[in-house]
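Give me a 3D structure for the following:
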Amino acid sequence: MKSVDVADLSRVLLAPARFEPMASAEPAPVAGVASTISLKHLGSILRRRIGWLVLAMLLGLAASLAFVATSAPRYISTAQIIIDPRGLKVLDTEVQPSAQSADAVSNLVESEMRVLKATDLLERVVDKLKLADDPEFNGTRTSLVGDVVGGIKGVFAQFTTRRWKAAPDLRARAVANLSDRLAVRRIERSFVVEITMMSEDAEKSARIANTLVDTYIARSAETQADLARKSSAAINGNIDQMQARVRDAEDAVERFKTSNKLVNAGGRLLSDQQLGDLSAQLGRARTQVAEAQARVDQLSKVSRGMGAGLESVESSTIAALRVQLAEVKRRYASLENKLGPRHPELVDLRREVQEAQNNINAEIGRLAQAARNDLERAREAERLFKRDIDAQSRTATVASNAFVQLRELERKAEASRSVYSAALVRSRQLQEQALLNSTNIRKVAPAAAPDRPSNPAPSLVLALGLIGGLVVGAGGLTVLDLTVGKVRNRDDLEQSSHLPIFGSVPVAAKALHPGVANLYRTDARPWLEMIDRLGIGRQGGPRSVAVLSADVNDMSGLVALDLARAAASIGAKVLLIDAAVGMRHLTGFLGLDDAAGLGACAAGQITLEDAVWPIQEDGITFLPGDAHASNDLRRIGGLGLSGIVRQALGEYALVVLDFGSAPRESLALVAAGADAGILVVEKERGRKSAVQSALSLCQAARLSLAGLVLATPVDPKGRGA
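You can find the predicted model right below:
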């Protein structure tokens, strides 16, 4: 066994080889933490690509300078009008009904706002102001940017199949540009509408806005008048037909009356009127019969009462006779006490009393006979009226049946007359309304020419361009960094495989001295944790561990060296073998490029004891890879790497093998020499696709991977690389 000259190593061993705990370059990510980008990582990305970031900022600044240099001034003028959807109540009835609900009002105002940007209205404004001849609106004005765009379009036009192109419609262009520069909005909770116009000339912007408002108001009045005229013409076109229908309905009524002999008097049939008169006369006759019967009964009672109740008899003769009788009785009563009953004068008075009483009775009898005569006449009249009513009732029944049809005909005639009358009135109203302007649209504030352009300040544009370049550049670089598939942390590594993750370990990015690598003070904790998770030193644990890199770099050799040193620090006798026979990075790091090693040992040219090199300060032994190792390991009947490892395990507790880069090395040649493998992925530089490819290569070579480790590059002073 050869030994490394201590004198040669003394000048490169700048620090003790002992593993003393200290803060690692970066704590290992905790499992389960979401994969997010931190400010530190963002700063790292921008620092690595600071040139691209500066270029993006310069491009943003250049774009803002080009915008300021080529942008024309923009003047904005605003006119205000009020659109009252209720309209003016010029006539009792209008052509268009006024809106009632809040939704209907809002919809009507919104509709009018669309009319303000209607093509026909804008065409009127273009024609009135001759904007089709204005280079600002007809698209004939040229600029640097426009020339560049036009040139590009011309180049592409050469490859199109269309040879002939129609001449541009300047009027249509002017209308389109006018619509683009016109904005219409309604002030919240009001009927006021703002019309905003933008132009390169202050006076022109105000003139266009005011012309648009005037044209819109005139067009609204014209539209309403035209609508009234059309409605009136439509009604007048049907007047003659309505009149003919009225005449036909009235003629049908009269013909029916004549054919059915229906005479109408005062709105009633004559038969009905006669029947009513007869009914009234019958009633009066019955009243007369009742009165006559009562008089007969009264006179009969008086007659039977021998003069009693004469005061109830209404007769002047009876009244006179009663007075005469009373006078005779008075004289008789006054003389009866003075004269005797046989006195001639009393006898004469008694005779006069009897004559007066006889005269009264005779008069009562005459009155009773007259009352009986009146009763008979009243009864006869009642009988006649009943007969006439019966006859007239039969006539009225027939007339009533015909009158039902007559009323239906009259209703139809009345309906035709009503429609005809309403049409005549409405036609006249529409003719009058066509001459009146009932729209309630008026100016609130006309547009005035603005004093200054509305373009943003050049300093603001430049600042925004610079900031925009910074934001876009930083965002683009960050997105690029995230989307290229680099492994940034443990979570990214877990997403790339389904194997255990041993954590993050610090690895030297630069050697302290040519010939010796990683001989500096570092943190032992991640290496010892890796040894624990591998089960090294425990029964059944692996005794030969291979370390290989997923990318094309030398990280596997550095990790293998530190793993061997960590195992040696806890008392294990460790052999480190450079099995990366293609690149032999680890052999070069230790300055043993010309030494006989793995290949000579496999070919039987030298024993394992003579081929190894002890590094006493680390307590490990190193077997370099020589120039012919690739061929010697393939010798038929030779030991091969697995035979060398079996020999080494007779003396060493652990064999650590560096398999190098998985894409560059032949894993099938060396895979049998390891009980377990560790795949190394470099943080921030390793790619997920490379991890997937390395896993596939290991599976093809039948190399059993125990897990993956994330290598964090650090400098010899312990700072992150």
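
What helices and strands are in contact with the longest helix anywhere in the chain?
Longest among the helix segments of the chain by residue count, using DSSP state H, is helix 344-433. If contacts are counted by 3 or more C-beta pairs under 8 Å, 6 or more residues apart in numbering; DSSP states H and E, helix 344-433 sits against helix 202-236, helix 239-259, strand 268-269, helix 270-304, helix 316-336. Where you see a C-beta, it was placed from the backbone N, CA and C, and this is true even at glycine.

Looking at those, which is nearest to Glu529?
helix 202-236 (74.2 Å; C-beta to C-beta).

and Pro506, backbone torsions?
Backbone geometry at Pro506, expressed as degrees, to the nearest 10, gives phi -80, psi 140.

swap that for Gly604, please
phi 80, psi 10.

who's in contact with it?
638-639 (C-beta atoms under 8 Å, 6 or more residues apart in numbering).

roughly how far apart are it and Gln647?
12 Å (C-beta to C-beta, to the nearest Å).

Between these two, which contacts overlap?
With C-beta under 8 Å, 6+ apart, Gly604 and Gln647 have common neighbours Leu639.

so is Pro78 in a helix, a strand, or just coil?
Rather than Pro, residue 78 is Thr. strand (DSSP: H, G, I helix; E, B strand; the rest coil).

my read: Trp613 touches Leu592, true?
Yes - look at Trp613 against Leu592 with C-beta atoms under 8 Å: they come within range, at 6.3 Å.

any idea which element Ile195 lies in?
strand 192-199 (DSSP states H and E).

Identify the residues contacting that strand?
74-83, 109, 112-113, 116, 136, 181-187, 205-206, 208-209, 212-213, 444, 447, 454.

If burial is judged by neighbour count, which of those residues pass?
The neighbour count (16 or more other C-beta atoms under 10 Å) marks 75-81, 83, 109, 112-113, 116, 136, 181-182, 186, 205-206, 208-209, 212-213, 447 as buried among these.

Can you give me the distance of Ala580 to Ala694?
With C-beta to C-beta as the criterion, Ala580 and Ala694 are 14 Å apart.

With neighbour numbers in mind, choose between these two.
Ala580 (29 against 26; other C-beta atoms under 10 Å).

pLDDT score for that one?
Listed pLDDT for Ala580 reads 88.

which SS class is it?
Classification of Ala580 using three-state DSSP returns coil.

Now it. Nearest residue, chain neighbours left out?
Gly660 (2.6 Å; C-beta to C-beta, 6 or more residues apart in numbering).

Secondary structure element for the one you found, which one?
Going by DSSP H and E, Gly660 is part of strand 654-661.

just checking, what packs against that strand?
So strand 654-661, by 3+ C-beta pairs under 8 Å, 6+ apart, packs with strand 544-549, helix 555-569, strand 574-578, helix 585-589, helix 640-649, helix 667-670.

Restrict it to CA atoms and write it as PDB.
Only the C-alpha atoms of strand 654-661 are listed here, as PDB (Å, rounded to 0.1, in the frame of the first residue of the first chain):
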ATOM      1  CA  LEU A 654     -17.700   0.400   4.000                       C
ATOM      2  CA  VAL A 655     -16.900   0.900   0.300                       C
ATOM      3  CA  VAL A 656     -18.000   4.200  -1.300                       C
ATOM      4  CA  LEU A 657     -18.000   4.200  -5.100                       C
ATOM      5  CA  ASP A 658     -18.100   7.300  -7.300                       C
ATOM      6  CA  PHE A 659     -20.100   6.300 -10.400                       C
ATOM      7  CA  GLY A 660     -19.900   9.800 -11.900                       C
ATOM      8  CA  SER A 661     -22.500  11.300 -14.200                       C
END
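
Quickly run through the sheet partners of that strand, with directions.
Strand 654-661 has the following strand partners under DSSP bridges: strand 544-549 (parallel), strand 574-578 (parallel).

Distance to Ile620 and mean neighbour count for those strands - can I get that in a markdown table?
Putting the strands paired with strand 654-661 into a markdown table (distance: least, C-beta to C-beta, whole Å; neighbours: other C-beta atoms under 10 Å) gives the following:
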| stretch | distance to Ile620 | mean neighbour count |
| --- | --- | --- |
| strand 544-549 | 13 | 29 |
| strand 574-578 | 5 | 28 |
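
Can you add distance to Glu250 and give the ones you listed back as JSON lines?
As requested, the strands paired with strand 654-661 are exported to JSON lines (distance: least, C-beta to C-beta, whole Å):
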{"stretch": "strand 544-549", "distance to Glu250": "113"}
{"stretch": "strand 574-578", "distance to Glu250": "126"}
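
Which among these is found nearest to Gly43?
strand 544-549 (26.8 Å).

now the angle between helix 555-569 and the closest one, please.
Strand 544-549 and helix 555-569 are oriented at 150 degrees to each other (axes from the mean of the first three to the mean of the last three C-alpha atoms, to 10 degrees).

Restricting the selection to alpha carbons, write strand 544-549 to CSV.
In CSV, the C-alpha atoms belonging to strand 544-549 read as follows (Å, rounded to 0.1, in the frame of the first residue of the first chain):
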residue,chain,number,x,y,z
SER,A,544,-21.0,-0.8,-0.7
VAL,A,545,-22.7,2.5,-1.6
ALA,A,546,-22.5,4.1,-5.1
VAL,A,547,-22.8,7.8,-5.6
LEU,A,548,-23.8,9.1,-9.1
SER,A,549,-24.9,12.4,-10.5
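
That one to helix 640-649, inter-axis angle?
Going by the same axes, to 10 degrees, strand 544-549 makes 130 degrees with helix 640-649.

distance between strand 544-549 and the chain's centre?
Strand 544-549 sits 60 Å away from the centroid of its parent chain (C-alpha atoms, centre = their mean, to the nearest Å).

average model confidence for it?
For strand 544-549, the per-residue pLDDT averages 91.

And stretch 425-443, by the same measure?
Mean predicted confidence for stretch 425-443 is 66.

So what are the sheet partners of the strand holding Ile195 and their directions?
Short version: by DSSP bridges, strand 192-199 pairs with strand 75-83 (antiparallel), strand 182-186 (antiparallel).

Many thanks, have a good one.
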